[in-house]
Structure formats: C-alpha cells, structure tokens
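Novice: My questions concern the predicted model and sequence given below.
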Amino acid sequence: MLGLSASGPLYRNLVKREVRQRYKGSFLGLGWTLLNPLILVAAYSVVFKFLFGSPIANYALFMFVGLIGWTLFYGGISEAATSLVSNSSLVTKVRFPREIIPLATMTANAVISGAMLIIAIPLCLLLGTGSKITLVALPAFLLLTLGATVGIGLVLSAVNVYFRDVEHILAAIGTPLFFLTPIFYTYDSLPSAASSHQVLIDILHWGNPISPYVITIQDTLFFGRWPTLADTLYCVIAAVVFLLIGFVSFRRMEREMAVEL
Amino acid sequence: MADLEPGQLRLDHVSRRFKIVHERSATLKETVIRRRRASYTELWALRDVSLSIEPGESVGIVGRNGSGKSTLLKLLAGIIPPHKGTVATGGTVAAMLELGAGFHPDFSGRENIFMNAAIHGVSEKAVAERLDSIVDFAELQDFIDMPVRTYSSGMTMRLAFAVSSHVNPDILLLDEVLAVGDEAFQRKCMGRIYDFKRGGGTLVFVSHDPGTVEHVCDRAILIDGGAVVFDGDPSEIISRYHRLLADEASGLGARIDGMEGDHEAPEGAYDPDAVLATDTVNLLAARLIRNGSATGNAICGDDISIELDLESSAPAADAVVGISLATETGMALYGISTRHSVETREAAGQKAIGDALAQPGTPVTVRITLPALPLQSGSVDVYVGVSSFDEATQYMGGRRVLSFGVFSEEPSLGLVAMNAHWEVVPQRGSAAPRPG
C-alpha cells in the first residue's frame, strides 16, 4: 500500500488516458457510451416487452438501469483482465505498484458507467412509481459493486499475465452470463412455468456473483424499494472477500510479471 | 537491513535465474494442447553478485550480450525480484531502460510528457513547472500539441530523453539509451548526464561500449557469465573487456550457450523455418589468427584469418560453409559462403571441403583468410553456419562463434577503413604555380 500513494499522478494520468482513448478518433466520442446501451435496450424492448409481454412497467428504463450494474461489473473485470498485457511496455520497463494499471482501467470503466447513471437518475425520479427515498442507499450499493469488481478484476488481470486464456474465457462467457443475470427480467416477472424451477432460480440468484449487485441497484434506483436483507448481506460479504482475495493474490503474482510479459 | 541514505545501492549475494521456455504457449488452444509438454531450461543470469554503490558515484557496467548486465539493471530498478539475496536502494530511482516506454502514439507530445513524468512519480504540478524546459530541451516547440505518431523517430527520442532527464531522481539507471539519436543530440544528452553527476546524483550506466563508460563513469564493473569479473578504474576497462573477448576467442572459441539468446544472427544468415536442421556438423573450436598465432584483437589493415575446427558425424560431401561478420548491433559487415565465393564455387574448391567433411569423425580445419582488414575500431562478431549445397538441409545452424576487437590507428568515422589519400593538385586549364 505504501507505494500506492506515491503513484497518484500515474493513476490519474492512466484513468484520463483510458477514458479518452476509448473513443478517441470517433465522431460521436463519449456519445457511444450512451448509444451502445440504448440500441441494446431498444432491441430487447421490442422482443421482451412487445413480443413476450413482460409485465414490468417502464421496461426500457428498467433494462437501462440493469445495464448500468452490468457495465460496471462485467465491463470492469473484462477490461481489467487485458489491462496488464496491453500495458506490458510499462510493466517491463518501469517500477511502480502494478495494481495501478487494472485499478485505473476499472476506474475509467466506472466513469463511463457514471455517465449512464447521470441519464438514469432523473428519468427514474420522473417515471418511478416506488419510493424516492431509497435513492440514498444507491451510492453504497454502487460502491459495493465497485468493490467486488475491483477484487475480481485484480485477480483476473494478474492471472491473465501467466495464462492468456483468461481473456478468451471472459469473452466466451460474456453473452451467456448476460442472459443468466436478471437484467432484462426480474425473478418475479417470469412466466408461470418458471415457478416450478425455484431451485434453479436460487442457483442463478446466488451462484452468479453479478446478480445480487444488479438486483440491489435496480431496487434502490428503479423500483424504489429497500433491497432484501439477504441481497444486502451477500453484497457486503462478497465485496469484502473479493477485495481481500484480489489484493493479496495480486501481490503474490506481481513479482514475476515483468518476466512473463 | 538498515535504511539506506538517498543514492545508495546495495546488492547482497544476489542470484537470478530465468526459464527459457522452448514452446511458448500463449493461446487457449496451445495451452490446452501443450500444457504438459512445455519444456524449459533454467539459466542463471546472475550468480551471487554483491555490490555496494555510494551516493554520487557513477558506475559503468560493461559486458558482452547475455552477460547479465541488463538483468542486473532490472534488479536494481526493482522491475524483477532476485531469487536469492537482497537488493536495496535508497531514495528515488528512475530507470531509463527504454526511451519512451509508455508513450501513446495517439496523444499529443504535451499529454505524453505528463504521462511519462507520472510514470516516474512526478506530480502534475511539478511537470507543469518544468514543461517549458522539457519542450526546449526536446526542441519540439512547434510540434508539442501534435500526436506523437506524427513525430519522426528522432523527435520521439528527443522527447523521451527530455522527460526522463527532468525527473531528478537520487539514482539514475541508464541502459544503452545513449546509443540512439544523432551526434548533436547525443552530445546534449551527455551534457545532461554530466549535470546530473555534478548535482550529486548516483548514476548506473550499462553499456557494451567500454569507451563510453570510460568517458562517463568513475568506476567500472565488468560482468561475464553472470558474475562480476572486474570492479575498478574505468581506464582499465577497455583492455579488460578486450582481454575477455580474446580469452573467449583463443580458449575454446565457440562458447555456444543459451546466454546468447538476445543476440540474433544478422539478416540473411539463415532462415530457421525454411530448412531441415540437422546436427551433422559440429564446431569444435573457432580461432582468430593474426601473425600466425591465435588472438582476440586485430589492427586495421592486418591480414587475419579465421580457423574453424569442424567435425561431421555423418558424411556431408556437399557441405557449404558460410561465414559472416557483423557489428555488435547486428549490422552485417561481410558475408560469404564456399558456394558463392569466386575461389571455391568452382567444383574443385567446393569439393575439397566436401571431401574433408565426408569422413565422419575426422576433424577438419577450415581457414578463411581476410587480407588487409578494412575495418575501423569496434567489435566484430563472427557467425558461421554449414548447410548442404542446395541449402535445404542445415548441417550446423548459423551461430556466433567468436568476437574480436578491431583497433584503428587513424581516428576516422564510420565502419569501413578506406585509407584516404590526400594531395593538392594543380587546377585544370590554369597556370598553377609550379615549384622551381
């Protein structure tokens, strides 16, 4: 931790560079950050709202809120996974705490998710049917999501230095994982046939670490209701455990990184 | 261990090994398929090195390619850890292992200055104060807001050195970075390094050019085979270094080992993918001969020859021997094979070598004579390979077999000694004054 504070300038510059680099040279620039999820939301609304008749009100906004949690979490860990490899010229030539690189990448990703949040919050206040007071808990759940993301992201970034398979695995499970996370549906808006598969739903709920984080963000931002105690506890404990594992295992894997890259 | 004062460096019985992985598996498929077959050899790049450098010292580390000098610098920079022993540094350390590490081509020179300075831990405020000085030093006033990808390589280098040299660390580690750029800029960099020394900074400078070390440093360390073989006055370093190369050349020449990994044969020497490699022919020894005896050095204008003791393990009657000379940086100076040489390409000359190598188990000495060596001062690497006449089978892969130093009495520029001849001639058509 000692070296981390001295690396403040590097961290800030890396975050700046990551954010600007992502859309550098494109005409719409940061506009893509919003356009991307909006296109996705439009297509899913057509299929699940109009063709399948999902009972969720303000379906497009609901899905957009879920996408914020997904982008923050999955976007963060998949960007982090490749971060050390793509910055290998830094790792092999300069000494600094290497966690700066995945941390900066995930921060940049969080900034981009933040842009989505700026659109979503006023819309939720305007169109939301639930209580507005639950919004005060949103920052805490966003921080917990970020904590779990950072923990997992650190592990994946370090492992990917030694086994480049990680980035391929992440790319392969992206879409399946998206379907298994309650982003364009909720567990209680499923067709009646699903009620006979309660065990399966429990597995999907608690076995996929992204689900509870997405659910708590939907609860506090979109539905205006307090998250369940189970979800809250899961989010707190998992974030702490992931963070601990992340920093400790990163330190262990850090030593030989310059040799492997 | 007690805290070190700024500028101090301590290495205590440091050893470092590397795994040379023969099959680099970096994709999912390769990893899955080859996981169990990944074989590697271990190589100790540094063995039990103890070193103590005091604040304000400027130390030059000299060694051949693969001697372990760059590994030593990476250990000092903290980029890789030792396997045994401890490395300790006092104060701030800035390592210039590669100019422009971390430069991003799409960002402007100005943005890259901030980024590059941040890599060395310099705050935005401190950079802003030094910005004008950095831009002036790099001579990029008109281009500083243009993307670095539009810069020439010289401009990029100037910018990189300008940033790195404005970091003001307690310890500065340099790896061959001065070998780049034009002469005017090199001189400017030198000036910057002298300023750093005058300011009391500790300098550790790695080079394979003992001449530069003699100029810049007040202490020189010679590394070979991962160990310190000399530590002392820089004025002795040139002779020590050349004695090392000479020993290597005369005592069993061919030191063909894994440590030469970062030293690739010059272009065109051989293409390892296109040919069938066999080990039919072995090199027993290689010698540089001058005035009838083995030596490690030559003087410009000398008649020299290179003797190769070869032995075949199976008949190789169509063997072609190729030799090439290159500078230490790998630039080819000269290359020829018995297939192309005017003297031997006629069937008779080529056949003599083939006949000799057609007898398995009988050592043969092949001598290549190079009359009146037309080279300037410097170090020359000799590469040798043996293949079949159609070059489809490689009897012995191209490899560096020896190095030797060349000294020239005439302090002229360039690689080639052209023996310039000067005179004053009367102007054509005019009545030039004549003596008498």
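Specialist: Received the coordinates, thanks.
Novice: what about A:E18, which helix or strand?
Specialist: helix A:8-22 (DSSP states H and E).
Novice: B:E307 too?
Specialist: Per DSSP H and E, B:E307 falls inside strand B:304-312.
Novice: Buried by neighbour count: which residues of the following helix or strand past that strand qualify?
Specialist: The first helix or strand that comes after strand B:304-312 along the chain, using DSSP H and E, is strand B:320-327. Within strand B:320-327, the residues that count as buried by 16 or more other Cβ atoms under 10 Å in any protein chain shown are B:V320, B:V321, B:G322, B:I323, B:S324, B:L325, B:A326. C-beta here means a position set from N, CA and C on the backbone, and glycine is covered the same way.
Novice: Other residues contacting strand B:320-327?
Specialist: B:265-266, B:268-270, B:306, B:308, B:310, B:332-339, B:350, B:353, B:366, B:368, B:378-389, B:391, B:398, B:415 (Cβ atoms under 8 Å, 6 or more residues apart in numbering or on different chains).
Novice: ok, now with 7 Å
Specialist: B:266, B:269, B:306, B:332-339, B:353, B:366, B:368, B:378, B:380-389, B:415 (Cβ atoms under 7 Å, 6 or more residues apart in numbering or on different chains).
Novice: Among the residues you listed, which ones are in helices?
Specialist: Within those, residues falling in helices by DSSP state H are B:I353.
Novice: which of the contacts of strand B:320-327 count as buried?
Specialist: Among the contacts of strand B:320-327, those buried by neighbour count (16+ other Cβ under 10 Å) are B:266, B:269, B:306, B:333, B:335-339, B:353, B:366, B:368, B:378, B:380-388.
Novice: In strands only, show me those residues.
Specialist: B:306, B:333, B:335-337, B:366, B:368, B:378, B:380-387 (DSSP state E).
Novice: of all the residues you listed, which two lie farthest apart?
Specialist: Of all pairs drawn from those, the greatest distance, 28.5 Å, lies between B:G378 and B:S387 (Cβ to Cβ).
Novice: Pull the contacting residues for residue 155.
Specialist: Reading this off chain A. A:I245, A:G246, A:S249, A:F250.
Novice: actually chain B
Specialist: Here B:M155 is in contact with B:L140, B:F143 (Cβ under 7 Å, 6+ apart).
Novice: quick one: it and chain A, what's the gap?
Specialist: Look at B:M155 and chain A: by Cβ to the nearest Cβ, to the nearest Å, they are 19 Å apart.
Novice: What residues of the strand or helix carrying that residue count as buried?
Specialist: In this structure, B:M155 sits in helix B:153-164 according to DSSP H and E. Applying a neighbour-count criterion of 16+ other Cβ under 10 Å, the buried positions in helix B:153-164 are B:M155, B:T156, B:M157, B:R158, B:L159, B:A160, B:F161, B:A162, B:V163, B:S164.
Novice: Can you tell me who B:S305 pairs with across the strands?
Specialist: B:I289, B:T369 (DSSP bridges).
Novice: my guess is it meets B:I289, correct?
Specialist: Yes - the criterion here is Cβ atoms under 7 Å, and B:S305 meets it with B:I289 at 4.7 Å.
Novice: Pick out whichever of these two has more residues nearby.
Specialist: Between B:S305 and B:I289, B:I289 has the larger neighbour count (other Cβ atoms under 10 Å in any protein chain shown), namely 19 against 14.
Novice: show me the contacts for the more buried one.
Specialist: Contacts of B:I289 by Cβ under 7 Å, 6+ apart are B:I304, B:S305, B:E307.
Novice: can you state the direction angle for the strand holding B:E307 and strand B:320-327?
Specialist: Counting by axes from the mean of the first three to the mean of the last three Cα atoms, to 10 degrees, strand B:304-312 lies at 140 degrees to strand B:320-327.
Novice: Many thanks, we can stop here.
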